[in-house]
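A.B. asks: sharing a model that was predicted from the sequence below.
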2 protein chains.
Amino acid sequence: MLARTLSSQLSERVGHSVHLRGWVHRIRNLGGVRFLLLRDRAGIAQVVVPSSIDLGDVGCECVVAIEGVARAEPRAHGGFEVGAQRVELVSGAQTPPIEVFKPVSVEQNRLETILDHRAISLRVPEVLDVFRIEAEIVRAFREHLNSQSFIEIFSPKLGLAGAEGGSAVFEVAYYDRKAYLAQSPQFYKQIMVGSGLERVLEVGHAYRAEKSETSRHLTEFVSLDFEMGFIESVQDVMAILESTIAAVLAMLRKTCAPLLARRKISLPKFHVIPQIDFLKAKEILASRFNKTDGIAGDLDTEGEKLIGQWALETHGSPLVFVTGYSVACRPAYAMPMREDPSRTESFDLLFSGVEISTGGQRIHDYDQLVASFRARGLNPASVEGYLEAFRHGMPPHGGMGLGLERFVKQLLGLSNVKEASLFPRDRNRLIP
Amino acid sequence: MLARTLSSQLSERVGHSVHLRGWVHRIRNLGGVRFLLLRDRAGIAQVVVPSSIDLGDVGCECVVAIEGVARAEPRAHGGFEVGAQRVELVSGAQTPPIEVFKPVSVEQNRLETILDHRAISLRVPEVLDVFRIEAEIVRAFREHLNSQSFIEIFSPKLGLAGAEGGSAVFEVAYYDRKAYLAQSPQFYKQIMVGSGLERVLEVGHAYRAEKSETSRHLTEFVSLDFEMGFIESVQDVMAILESTIAAVLAMLRKTCAPLLARRKISLPKFHVIPQIDFLKAKEILASRFNKTDGIAGDLDTEGEKLIGQWALETHGSPLVFVTGYSVACRPAYAMPMREDPSRTESFDLLFSGVEISTGGQRIHDYDQLVASFRARGLNPASVEGYLEAFRHGMPPHGGMGLGLERFVKQLLGLSNVKEASLFPRDRNRLIP
């Protein structure tokens, strides 16, 4: 049998027989000539179907096998087309609930339809592109960190308690007990620094039982994490995150240029991501934006948005680090500043005014960590397996977590984070 | 400050000052000379501590910073050592519950101790090596499949029903509803073939509420999956799996040779993985091993073990594909054989007599799939989001899933699959 030719390979087969396989993207009848657009993983090929061929039940989204001859055709997308000699129906299709050949513009009121019919809406090339881009982001994240001696780990998502504390956890019926879904791999990646790997990365699901629906939250999301030992300060963590973001953007420029162009996305450029201390951010919000509420020890959504605006206007950068959040707004393991113990060696990374990553230096001294847990009314005994690492020698360390879908939302200018999740889960959605 | 030197870099620094950081692996006093073994992510360095230095509280597992001069020393492991000029205690350590400098040989009765004190047992170099090897396996799995145009996806682990049916699912309290943890990414990777990606891979957690404890089962494990469209037959799937296993083994030979040597592991070699039809396997079990029970439509544990033995003796291969399992023993989506509709276009891959992977061709015709669900008493409406992909044109496709921890158990000859899981979960274990 003739080996398959992909739509992207027509230029190599001009004058030769080809065997295309894929989905019928669209059939148009122009002045008696039928143009069949065939979609495969590599793109779309134009196929001219002579009147001698009966297309029968072949319609949009059917899977077909086409034999024909490739030829140059300047008017075809890509410059080549196929003159069909045989069209075989491989798998039939009913009329789809979404027209796959029309670019889907997600207005808020259509998002539910798009998600309800995910098996079909993902076939829209612009929708599917989001996930090709996501795969490249994750690949670059891992490859860059691997090159910096980080090793990938897989930590459990089922456990006894949430690392971050708080009530927004999902409970699992675990035989005759209760378990909880992990809100982050925080404790485990710290243990793995202490195990001697020193530098670890993880790409895995994390779970948050969010109380309310927003365009920025999912109950199940992909968390990109790293943690590193033997740091001098939190600046070492921020430097690795900065170089990782740069590596991700470089990968996208290399491998996803056509997809980005189709969406008219220009990737952010930077040499150094600007940093602003939290107290300075408060000053700017007050003096420049007349905003004084909602920014006690942390920035609220509006505060983040305005600091993002300030960074763009002042530094020309859509990315900005905000550092030094207050102890009260950070978890028990956050390292307090030596010069101001009410604040922490922490950071958020904002992208176009939205927090995409949170990180910092962690407490590595056992007694200090136990005291910090106690000061918050948390029982150290409940995290004994975590504390054991600290009781037996932990180096100074820090790390960060980055929400993949939220990063992609900001990068591609999507209106809702759910557009960046293949099969999103929210308060109301568990299917498909 | 002096930049850090790793234990593996001493040869490059002979005669120069070095700044080592890491954990105290062991201190030995030999005839008045103290040898401190310093462990870091790259290995172990021998440090000679002169009597002028007071080590104070520095003991096993303390984190220390050492300044000294590197020199050649043929009697030291690796041929180099450091003469210490300063030893700084960075982070103290209590006496560890497990002696990290002793190789841990996991006899069944000590496994619980090793797992209870995971933060410490992982520091034992031979224990940690398992996870360095695991990271390389996953990297090779992805890289090889990427090179074959497979794209990585992240499918949800929270959903309404288990893909495989059956009762061994964990229930999650999801707001005012019940959700279940995914037993496999099966339905989602099939939808993604139909989305137009055609070839997808996933590395993610899967959950099985196993009724009983065995040395081969975890309740949470890492599943390596791929699924591919436009196949001619199940042989296409097996060919990709075969080339993937070969790529994984090649990667381990390249990057993990010292770790494998330390464990005296010789990796399996093969040109082609032998295949045996299920009916032929039954014949062999009866004629050669006098085994006729427990092998009705599937092989039981003993049957797998004996076929593994047969493959090694007959083909010299620890790996063997068994094909053509009966319809009754495979899920509703398994493609029946055209020539014998009571059996399926399916396979298991056995490694040293244990099933490490299961796969096959899937039904792609909508009506056939619905009929197959109905024939098993399953309600097609309950998987509407999955069936939608089939109603609108699915190509012939197939794929497989491979349990990472079980593969590593067989590869490294571990006694229990839990040794191949960083923080294993079983019926009784949810911590650390």
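C.D. replies: Cool, got the structure. Residues are numbered from 1 along each chain as shown, chains lettered A, B, ... in the order given.
A.B. asks: contacts only, for the residue in the stretch 251-400 of chain A positioned nearest to chain B.
C.D. replies: Nearest to chain B in the stretch 251-400 of chain A, going by CB to the nearest CB, is A:G385, at a distance of 2.1 Å. No exception for glycine: its C-beta is placed from N, CA and C like everyone else's. Counting by CB atoms under 8 Å, 6 or more residues apart in numbering or on different chains, A:G385 touches A:I191, B:R118, B:A119, B:I431, B:P432.
A.B. asks: just give the nearest non-adjacent residue to the fourth one, would you?
C.D. replies: Leaving aside its sequence neighbours, B:I431 sits nearest to A:G385 (CB to CB, 6 or more residues apart in numbering or on different chains; 5.1 Å).
A.B. asks: for the helix or strand the one you found falls within, buried residues please.
C.D. replies: Under the criterion DSSP states H and E, the helix or strand holding A:G385 is helix A:384-391. By neighbour count with 16 or more other CB atoms under 10 Å in any protein chain shown, helix A:384-391 contains the buried residues A:G385, A:Y386, A:L387, A:E388, A:A389, A:F390, A:R391.
A.B. asks: quick one: pLDDT of the second one?
C.D. replies: It stands for A:Y386. Per-residue confidence for A:Y386 comes out at a pLDDT of 96.
A.B. asks: give the contact list for it.
C.D. replies: When the contact criterion is CB under 8 Å, 6+ apart, the partners of A:Y386 are A:F187, A:Q190, A:I191, B:A119, B:P432.
A.B. asks: from those residues, which is closest to B:I245?
C.D. replies: A:I191 (30.9 Å; CB to CB).
A.B. asks: now do the strands in the stretch 251-400 of chain A.
C.D. replies: Defined through DSSP state E, counting those that start in this stretch, the strands belonging to the stretch 251-400 of chain A, from first to last, are A:275-277, A:319-323, A:346-351, A:354-362, A:397-403.
A.B. asks: also the stretch 1-150 of chain A?
C.D. replies: Counting by DSSP E, counting those that start in this stretch, the stretch 1-150 of chain A has these strands, from start to end: A:17-30, A:33-40, A:43-49, A:63-72, A:80-91.
A.B. asks: please identify the most buried of those strands.
C.D. replies: Neighbour counts averaged per stretch over the strands of the stretch 1-150 of chain A are highest for strand A:43-49, at a mean of 22; criterion: mean count of other CB atoms under 10 Å in any protein chain shown.
A.B. asks: quick one: strands adjacent to that one?
C.D. replies: Using DSSP bridges, the strands paired with strand A:43-49 in its sheet are strand A:33-40 (antiparallel), strand A:80-91 (parallel).
A.B. asks: let's have those strands in a markdown table, adding mean pLDDT.
C.D. replies: Formatted as a markdown table, these follow (pLDDT from 0 to 100):
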| stretch | mean pLDDT |
| --- | --- |
| strand A:33-40 | 97 |
| strand A:80-91 | 98 |
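A.B. asks: how about those, which one is nearest B:P97?
C.D. replies: Using CB to CB as the measure, strand A:33-40 is the one of those that comes nearest B:P97, at 57.4 Å.
A.B. asks: for the residue lying farthest from the centre of chain A, what are phi and psi?
C.D. replies: Centroid-distance maximum for chain A: A:S52 at 48.2 Å, with CA atoms, centre = their mean. With angles defined as degrees, to the nearest 10, A:S52 shows backbone torsions of phi -70, psi -20.
A.B. asks: quick one: the helix or strand of chain A with the lowest mean pLDDT to helix B:384-391, angle?
C.D. replies: Sorted by mean pLDDT, DSSP states H and E, the helices and strands of chain A end with helix A:108-116, the least confident at a mean of 83. Interaxial angle, helix A:108-116 versus helix B:384-391 (axes from the mean of the first three to the mean of the last three CA atoms, to 10 degrees): 80 degrees.
A.B. asks: buried set for helix A:108-116?
C.D. replies: Residues of helix A:108-116 classed as buried under the neighbour-count rule (16+ other CB under 10 Å) are A:L111, A:I114, A:L115, A:D116.
A.B. asks: the third one and A:K418 touch, don't they?
C.D. replies: So that's A:L115. Yes: in terms of CB atoms under 8 Å, A:L115 counts as a neighbour of A:K418; the distance is 6.4 Å.
A.B. asks: report the set of residues contacting both of the two.
C.D. replies: Common neighbours of A:L115 and A:K418 are listed as A:P424 (criterion: CB under 8 Å, 6+ apart).
A.B. asks: A:I356 reaches A:L349, doesn't it?
C.D. replies: Yes: judged on CB under 8 Å, A:I356 makes contact with A:L349 at a distance of 5.7 Å.
A.B. asks: which neighbours do these two share?
C.D. replies: When CB under 8 Å, 6+ apart defines a contact, the residues bordering A:I356 and A:L349 alike are A:L402.
A.B. asks: returning to what we had before: got the contacts of A:Y386 as TSV, with distance to B:H217, neighbour count and pLDDT columns?
C.D. replies: Listed next are those as TSV, based on distance: CB to CB, whole Å; neighbours: other CB atoms under 10 Å in any protein chain shown; pLDDT from 0 to 100:
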residue	distance to B:H217	neighbour count	pLDDT
A:F187	25	24	97
A:Q190	28	26	98
A:I191	24	29	98
B:A119	24	29	97
B:P432	20	23	94
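A.B. asks: quick one on the thing from earlier: let's have the strands paired with strand A:43-49 in a markdown table, adding distance to B:Y180.
C.D. replies: As requested, these are arranged in a markdown table below (distance: least, CB to CB, whole Å):
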| stretch | distance to B:Y180 |
| --- | --- |
| strand A:33-40 | 34 |
| strand A:80-91 | 30 |
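A.B. asks: where does the stretch 301-432 of chain A have low pLDDT?
C.D. replies: Counting by pLDDT under 70, the stretch 301-432 of chain A has no low-confidence residues at all.
A.B. asks: got the residues of it near chain B?
C.D. replies: Proximity of the stretch 301-432 of chain A to chain B is confined to A:364-366, A:384-386, A:388-389, A:391-396, A:404, A:422-425, A:427, A:430-432 under the rule CB under 8 Å from any CB of the partner chain.
A.B. asks: repeat that for 10 Å
C.D. replies: Within the stretch 301-432 of chain A, the residues that sit near chain B (CB under 10 Å from any CB of the partner chain) are A:364-367, A:382-396, A:404-405, A:421-432.
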